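Asker: here you go, sequence then predicted model.
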Amino acid sequence: MTKERKFEAGFNIKSTNKELSRRKFIRLSSLAMGGGVMAGALGSIPSRAPASEGITRGGRLILGTPQTIQTLDPHAFGIFNNRNAWPSLYNSLVWYDADMNPQPDLAKSWEVSPDGRTYTFELHKGVLFHNGREMTADDVKFSIKRILDPKTPAGNYAASIKVIEEVKVVDKHTVKLQLSKSSAVLIPGLARVMIVAKENVEEIASKAIGTGPYKLKEYIVDDRVVLDRFDDYWEGVPYMDGVTIQTRADVASLFNDLTTGAVDIYWQLEPKFVGQLVRYDTLEASFAKASGVVTYLMVDQMAEPFQDIRARQALLHACDKETMNQLAFYGTGVIPKGNNIFPRGHEFENPNLAEIPYDLDKAKKLFEAAGVSELRYVALSIVPWTIVCGEVLERSLNEIGVKLTIENPELSGWLAAFDPRVAPNTIVPNAQLPDSDPELVLSMTDNEVNPWGFDNDEVERLRVEGAAELNLEKRKEIYWRIQEIWHNEAVVPMICHDRWFHGKNRRVQNMFHINSGDIDYRWAWLKA
């Protein structure tokens with residue numbers, strides 16, 4: 001029986017530049033990636049609402065991005081650039097700081113029953129939506145139900161809270177969640193559940209209202225999102241007059257805008273520009289303390305030749321990851337040990353996986369045994385690293401007599417390569433930006449959504465156990481075993497964990513971003 005796959009492209013589309021040149025228990029899931037940290041990149045971690053002394057109020061933050069904002073609906077799983085509008089418009093029950101510690105947001109506090117199956121959240125009072133209506137427990141219930149509705153394209157946002165069996169409104173400011181079983185991933189999952197207004201959902205994609213510090217003034221697709229300060233924001237901030245998210249498809253022009261002060265932030269700064277920031281006293285590179293952003297090469301295990309493990313093993317040995325990292329990511333990526341989804345230094349990383357060497361002799365023998373002489377590689381024309389990695393792989397395969405045909409289509413052609421009907425002999429580069437909890441790191445492996453045909457009952461069983469296990473050491477054992485299986489099955493080659501840089505003008509204060517690449521500017525202010 002052919003497995004039905006419900007894949008949603010998780011790729012975060014990069015630039016149009018085609019140049020190819022050289023606390024709890026949840027806290028325990030925080031990252032501490034090795035590989036060095038750029039001095040002065042992050043500065044101090046912002047507080048929830050910094051002391052007002054010394055803060056300059058006013059001004060408008062200009063966030064430049066090479067990608068468009070597809071939708072303002074926070075429950076629609078699309079390209080990750082869409083998240084740039086969320087800190088302005090919405091709040092969730094909880095949020096995560098730069099150390100990946102859960103913090104209260106709309107929830108003033110919460111309690112967990114002894115069996116871990118009932119969560120009771122006390123909400124802040126007097127929180128207003130941008131239309132002036134008070135946010136209540138009914139809105140929390142509606143938002144959670146909407147994400148869990150199969151008709152909502154919520155993707156992994158829904159998967160992480162699917163243990164919720166019932167949402168009960170206790171009173172206007174108290175909501176109780178009844179779970180089917182205990183869950184170590186519920187709080188991280190709720191951090192992605194933005195609370196929306198029922199009366200707005202029909203227009204939320206383009207005329208959104210929320211409870212956030214800024215309200216929507218203007219949204220022009222493929223151009224800009226303009227947000228103004230919400231004077232009735234429940235926490236007494238923001239400090240700035242507004243935020244504008246500006247699309248600049250040409251990355252060279254966008255970088256020039258950063259250097260001249262026309263934009264304050266260059267979101268997802270191309271690696272080739274990172275080293276150039278030292279020339280400017282006003283600029284710095286900002287990146288998360290650790291990054292879970294993973295880049296990899298997809299292959300279909302339900303189609304020839306990659307249903308043969310020898311072909312997958314051969315591809316792993318043929319990947320010159322060091323060269324790919326140097327040429328495609330300018331040496332800024334962190335290569336995992338073995339073939340691991342988890343980045344180096346992750347709390348749940350299995351350190352016992354064997355390294356997989358770049359070994360063309362082994363690759364040649366394995367490809368010959370699997371009968372492979374020709375392969376297809378589908379890059380994405382507007383994402384430079386996908387093209388560079390393909391060219392590096394092409395040189396390696398040429399040395400061992402395997403022909404690699406490289407295609408560089410636009411987005412529609414790249415997405416079409418995921419179709420199982422055209423997947424035989426095909427390699428497709430992709431990237432994912434998961435949150436740091438181990439279950440969320442592994443969300444891309446789910447039997448129902450992964451596009452490479454990986455269907456392992458033991459991994460699914462272990463993931464269910466791991467998501468419910470609250471004991472740290474037992475949970476580690478579970479996720480270590482999953483990593484062993486993934487490594488031994490040679491599922492897809494993991495290239496590196498991307499640092500996911502942002503360029504930032506130093507006048508932007510009290511801004512940070514977390515391991516998934518998201519930036520949080522709710523409490524930011526602009527230094528005069």
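Answerer: The structure has been received and is ready for your questions.
Asker: C-alpha from now on. contacts and neighbour counts both.
Answerer: Will do.
Asker: pull the number of nearby residues for Lys198.
Answerer: 14 (other C-alpha atoms under 10 Å).
Asker: for it, give me its contacts.
Answerer: Going by C-alpha atoms under 8 Å, 6 or more residues apart in numbering, Lys198 touches Asp139, Phe142, Ser143.
Asker: could you list which of these belong to helices?
Answerer: When DSSP state H is applied, the contacts of Lys198 are split such that Asp139, Phe142, Ser143 fall in helices.
Asker: how many residues are close by the nearest residue to the last one once chain neighbours are set aside?
Answerer: If the residues on either side of it in the chain are set aside, Ser143 comes closest to Ile195, at 5.5 Å by C-alpha to C-alpha, 6 or more residues apart in numbering. If you count neighbours by other C-alpha under 10 Å, Ile195 ends up with 29.
Asker: could you double-check that Ile195 lies in contact with Val94?
Answerer: No. In this structure, Ile195 is not within contact of Val94 by C-alpha atoms under 8 Å, at 10.7 Å.
Asker: other residues contacting the strand or helix carrying Ser88?
Answerer: Assigned by DSSP states H and E, Ser88 belongs to helix 86-89. Contact with helix 86-89 is made by 72, 74, 208-216, 227, 243, 520-522, as judged by C-alpha under 8 Å, 6+ apart.
Asker: helices or strands next to the helix or strand following it in the packing?
Answerer: With elements assigned by DSSP H and E, the helix or strand that comes after helix 86-89 is strand 94-96. The contact analysis (3 or more C-alpha pairs under 8 Å, 6 or more residues apart in numbering; DSSP states H and E) places strand 94-96 against strand 102-104.
Asker: returning to that earlier point: dump the contacts of Lys198 to a markdown table, plus neighbour count and pLDDT.
Answerer: As requested, those are exported to a markdown table (neighbours: other C-alpha atoms under 10 Å; pLDDT from 0 to 100):
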| residue | neighbour count | pLDDT |
| --- | --- | --- |
| Asp139 | 18 | 98 |
| Phe142 | 16 | 98 |
| Ser143 | 21 | 98 |
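Asker: output these in CSV, with distance to Ser396 appended to each entry.
Answerer: Converted to CSV, the contacts of Lys198 look like this (distance: C-alpha to C-alpha, whole Å):
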residue, distance to Ser396
Asp139, 55
Phe142, 53
Ser143, 50
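Asker: out of these, the closest to Phe348 would be?
Answerer: Taking C-alpha to C-alpha as the measure, Phe348 lies nearest Ser143 of the contacts of Lys198, at 30.8 Å.
Asker: what's the offset of the helix or strand of the chain with the lowest mean pLDDT from the middle of its chain?
Answerer: Sorting the helices and strands of the chain by mean pLDDT, DSSP states H and E puts strand 512-513 at the bottom, at a mean of 74. Centroid displacement of strand 512-513 relative to its chain, using C-alpha atoms, centre = their mean, to the nearest Å, is 13 Å.
Asker: same deal with stretch 372-392?
Answerer: For stretch 372-392, the separation from the chain centroid amounts to 22 Å (computed by C-alpha atoms, centre = their mean).
Asker: in it, what's buried?
Answerer: 372, 375-392 (16 or more other C-alpha atoms under 10 Å).
Asker: domain assignment for the protein?
Answerer: 48-72+208-290+501-528, 91-204, 294-497 (automatic domain parsing).
Asker: right, and those - which one's nearest Asn82?
Answerer: Among the domains of the chain, domain 48-72+208-290+501-528 sits nearest to Asn82 (C-alpha to C-alpha), with 5.0 Å.
Asker: and the strands in the stretch 51-200 of the chain?
Answerer: Using DSSP state E, counting those that start in this stretch, the strands of the stretch 51-200 of the chain run over residues 60-65, 94-96, 102-104, 107-112, 118-123, 164-171, 174-179.
Asker: so which of the ones you listed is the most packed in?
Answerer: Compared across the strands of the stretch 51-200 of the chain, strand 60-65 shows the largest average neighbour count, a mean of 23 (mean count of other C-alpha atoms under 10 Å).
Asker: any idea how many residues pack against Glu203?
Answerer: Neighbours of Glu203 (other C-alpha under 10 Å): 12.
Asker: from Asp73, how far off is it?
Answerer: Look at Glu203 and Asp73: by C-alpha to C-alpha, to the nearest Å, they are 9 Å apart.
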